[in-house]
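K.L.:
Structure for the following, please:
(2 chains)
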Amino acid sequence: TQLLEQSPQFLSIQEGENLTVYCNSSSVFSSLQWYRQEPGEGPVLLVTVVTGGEVKKLKRLTFQFGDARKDSSLHITAAQPGDTGLYLCAGGYYGGSQGNLIFGKGTKLSVKP
Amino acid sequence: DAGITQSPRHKVTETGTPVTLRCHQTENHRYMYWYRQDPGHGLRLIHYSYGVKDTDKGEVSDGYSVSRSKTEDFLLTLESATSSQTSVYFCAISTRTGTGGFEQYFGPGTRLTVT
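P.N.:
Below is the predicted model:
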């Protein structure tokens, strides 16, 4: 069974701090997605990374896919209260016909003003 | 916005009653999914569909059935609701990326409470 482990499970920081959350697996993925979910809402796709070593930036968020395509990290610079939420990673398989993804359990981030 | 709606958004029902949740999409996506989300378990796949009348089980399918008679609608039925099925249910669709992988887009969720 393929698993995606996310760490830390919980993170509480002050506004303005930097943070990094991780998504790790023993399996190789063709692509990896990051989602953010706010209370009472569905997960929202932030980014997809597909190439080993790839780095993508979305404003203050930096996403990296590991060279071996088994892990990924999300770095937030100067966190703001609006970044509060549950961050989920999900791995996909190249050529998978059903489009199924494997989801991690998430990192719950709280940014205090 | 992938044009996904779920109904109802909230429901309270009694143990033993049947419940049907509806997922509706407006963009003709082939792949659709039902997940449940519970604290400590994350998102778990219940059933998925890869076309009209084509469905398959996910990791937590016991006690649930699905139907897809039209591309736009994917129904999840709890034949006889139990308290363990109290959860938040999400519908999702999947689209191919330019590099051959898939991305999923989620509906707003249905909060179901079984008393």
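K.L.:
which residues does residue 47 bridge with?
P.N.:
Just so you know, I chose chain A. For A:Val47, the beta-bridge partners under DSSP bridges are A:Trp34.
K.L.:
could you do chain B instead?
P.N.:
Beta-bridge partners of B:His47, as defined by DSSP bridges: B:Trp34, B:Lys57.
K.L.:
And A:Ser110, by the same measure?
P.N.:
Beta-bridge partners recorded for A:Ser110 (DSSP bridges): A:Ser12.
K.L.:
thought it was touching A:Thr84?
P.N.:
Yes. In this structure A:Ser110 lies within contact range of A:Thr84 using C-beta atoms under 8 Å: 5.4 Å. Bear in mind the C-beta positions are built from the backbone N, C-alpha and C, glycine included.
K.L.:
Between these two, which is the more surrounded one?
P.N.:
More crowded of A:Ser110 and A:Thr84, by other C-beta atoms under 10 Å in any protein chain shown: A:Thr84, with 17 against 13.
K.L.:
how close does that one get to chain B?
P.N.:
Distance of A:Thr84 to chain B, given as C-beta to the nearest C-beta, to the nearest Å: 17 Å.
K.L.:
ok, that residue to A:Glu17 distance?
P.N.:
13 Å (C-beta to C-beta, to the nearest Å).
K.L.:
and what of B:Gln85?
P.N.:
As judged by C-beta to C-beta, B:Gln85 and A:Glu17 stand 39 Å apart.
K.L.:
With neighbour numbers in mind, choose between these two.
P.N.:
B:Gln85 (19 against 13).
K.L.:
And the pLDDT for that one?
P.N.:
Here the pLDDT value assigned to B:Gln85 is 98.
K.L.:
Backbone torsions only: list them for it.
P.N.:
phi -90, psi 0 (degrees, to the nearest 10).
K.L.:
Report the contact partners of it.
P.N.:
B:36, B:63, B:78, B:112, B:114 (C-beta atoms under 8 Å, 6 or more residues apart in numbering or on different chains).
K.L.:
again, but for A:Gln6
P.N.:
Taking C-beta under 8 Å, 6+ apart as the test, what A:Gln6 contacts is A:21-24, A:87-89, A:104-107.
K.L.:
Between the residues you listed, which sits nearest chain B?
P.N.:
Nearest to chain B out of the contacts of A:Gln6 is A:Lys105 (C-beta to the nearest C-beta; 3.7 Å).
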